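[1] Here is my input; please provide its structure:
(one chain, ligands or ions: 2)
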Amino acid sequence: MYDLTQNTLAGQQALFPDASIPAAEPRHLLASKDLEPGEIRLILDLAKILKRQRNRLAQPIQPVENRILAMIFEKQSLRTRFTFETAIMELGGHAIYLTKADIDMGERESVYDVANNISRWSTMIVARLKSHQSLVELAKHSSVPVINALTDLEHPCQALADLMTVEEHLGAGPLNLAWIGDGNNVANSFAVTAAKLGHEVVICTPPGYEAVDECYALGSVTHCYDPAEAVSGAHAVYTDVWISMGQEDEKQERLKRFAKYQVNADLMAKADENAVFLHCLPARRDQEVTGEVIDGNQSVVFDQAENRLHTQKALMKLILDGVLN
Ligand code: CP
Ligand code: NVA
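    Residues are numbered from 1 along each chain as shown. Ligands and ions are numbered 1, 2, ... in the order given. This is a model prediction of the structure:
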């Protein structure tokens, strides 16, 4: 029986929060710099345990029952959508996927109103937005944690899976990691996360397509314009599309500017003999990478894709359990 004066069902804890207790600030992940090295370590270590558990069905994980994950996606996605939805389901929660066609945030309704509405119904928000500034705005007005699922500036969840994959193949390092191509959202997050784990990163782009300045301020991240120089001694060679979502109008110019930055067998031969090839996917075979490389035996791209699931599950579990706070 519900006791209105006590705000309880008989023998149970309070049903409604005590409004006099201020809510704790939610823990967001908007950019890779938001994670401390020890936190990245924790996510990767838990992800490895979750991966073993899932693949061997050894022990069930402790579920986070009935949690609702709001997923706001303004751009297309295969991996990020699938892995976040799977991760929250396997943690015992449920995802609600909202596209631009559904909510048209900023047009049909302000970011402020969307954040305040969704905060009342959900436990966490995962957002893939065109503008990083909109993500910052969403987080500012959200009372639940907001996780970046890709913006024009960052893709921090991708970087967690990338570094887990690198560790699985090459150990914890420190390693020399080469980024070849566009200094884009994936490059920014990869460089920051890798540097925080103690790796050396060389970002190699054509002039005008460098990563954000913040990356190079880290000391262990450097820049060069010559792909052969960048991959010399590299333990991993990473590339991404030359034309990211939303840059379709720049296609002709970009194809010209990036032509010398293709990762092909000749370039891979200049890296360490045991080097792995990384790509966040989706890929354009015979633009940024040849089929020979991405489908060859140095490629670990599907391990990266699989590890999106394990790292995001670990990240969400650590936030929901209050360990990352
Ligand atoms: N790598 C990645 O984020 O893939 P999707 O765009 O398919 O989610
Ligand atoms: N740089 C790419 C990554 C896709 C996962 C893009 O933003 O489209």
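[2] Give me the buried positions along stretch 126-136.
    Neighbour counts over stretch 126-136 (16 or more other CB atoms under 10 Å) mark 126-130, 132, 134-136 as buried. All C-beta atoms are positioned from the backbone trio N, CA, C, and that covers glycine.
[3] Considering only the residues you listed, which also neighbour ligand 2?
    Among the buried residues of stretch 126-136, no residue lies close to ligand 2 (CB under 6 Å from any ligand atom).
[4] which one of those residues is nearest ligand 1?
    residue 128 (7.5 Å; CB to the nearest ligand atom).
[5] from what I can see that closest one touches residue 70, true?
    No. With contact defined as CB atoms under 8 Å, residue 128 does not count as touching residue 70 (12.0 Å).
[6] thinking again about what came up before, would you convert the buried residues of stretch 126-136 into TSV that also reports distance to residue 281?
    Converted to TSV, the buried residues of stretch 126-136 look like this (distance: CB to CB, whole Å):
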residue	distance to residue 281
126	18
127	20
128	15
129	20
130	20
132	21
134	24
135	22
136	26
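[7] Mind checking which of those residues are in helices?
    Taking DSSP state H as the definition of helices, these contribute 132, 134-136.
[8] so which strand or helix has the most centrally placed residue in the chain?
    For the chain, the residue nearest the mean C-alpha position is residue 157 (1.5 Å; CA atoms, centre = their mean). Using DSSP states H and E, residue 157 falls within helix 156-170.
[9] Check which element follows that helix along the chain.
    That would be, after helix 156-170 and using DSSP H and E, strand 176-180.
[10] Return the angle between stretch directions for that next one and helix 156-170.
    Strand 176-180 and helix 156-170 meet at an angle of 130 degrees, taking axes from the mean of the first three to the mean of the last three CA atoms, to 10 degrees as the criterion.
[11] so is residue 238 in a helix, a strand, or just coil?
    strand (DSSP: H, G, I helix; E, B strand; the rest coil).
[12] you'd agree it is up against residue 275?
    No. The criterion here is CB under 8 Å, and residue 238 misses it with residue 275 at 10.4 Å.
[13] which of those two has more neighbours?
    Comparing residue 238 with residue 275 by other CB atoms under 10 Å, the one with more neighbours is residue 238, at 26 against 23.
[14] can the helix or strand containing residue 302 be found next to ligand 1?
    Counting by DSSP H and E, the secondary-structure element that holds residue 302 is helix 301-320. No. Helix 301-320 is not in contact with ligand 1 by CB under 6 Å from any ligand atom; minimum separation 7.1 Å.
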